[in-house]
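> Sharing a model prediction with you, sequence too.
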Amino acid sequence: MMEALDFRCSNEDCGKVTPYSDALDHEKECDKKPIPCTQDCGRYCKQELMELHHFKECEESIFSCEECNATFNIRELDDQELAKEHNCLI
């Protein structure tokens with residue numbers, strides 16, 4: 001009886017309709033599902049936006065400079081004094 005029912009994904013901006021037999025798998029794997037940051041910053045974002053979160057927002061993400069091989073986190077990239085010391089950040 002349940003097998004005949006269709007379920008709509010409850011994740012915001014998804015709404016995909018799947019048969020009952022596939023609903024739980026979709027809910028687990030849905031790229032619209034908010035998940036904890038994989039860099040452990042404490043924030044949640046949609047799986048599909050995680051890479052953008054790491055690049056723009058995550059305070060735990062580390063960036064390596066291709067010119068000088070120094071590493072910086074996002075807070076340091078906004079530091080004007082540090083930018084003066086590393087022309088590669090400009």
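Structure's in. What do you need? Residues are numbered from 1 along each chain as shown.

> in stretch 62-82, what counts as buried?
For stretch 62-82, a neighbour-count test (16 or more other CB atoms under 10 Å) marks F72, I74, E76 as buried. C-beta: built from backbone N, CA, C; applies to glycine.

> Just send these back as a markdown table, with distance to C41 and pLDDT too.
Formatted as a markdown table, the buried residues of stretch 62-82 follow (distance: CB to CB, whole Å; pLDDT from 0 to 100):
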| residue | distance to C41 | pLDDT |
| --- | --- | --- |
| F72 | 15 | 79 |
| I74 | 9 | 75 |
| E76 | 15 | 73 |
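
> In helices only, show me the residues you listed.
Those of the buried residues of stretch 62-82 mapping onto helices are I74, E76, per DSSP state H.

> Thought Y20 was touching L5, still the case?
Yes - the pair L5 / Y20 is scored as a contact, 5.0 Å apart, by CB atoms under 8 Å.

> Which one's more surrounded, the two?
Neighbour totals were compared for L5 and Y20, and Y20 leads with 13 against 10 (other CB atoms under 10 Å).

> Can you report phi and psi for the more buried one?
phi -50, psi -40 (degrees, to the nearest 10).
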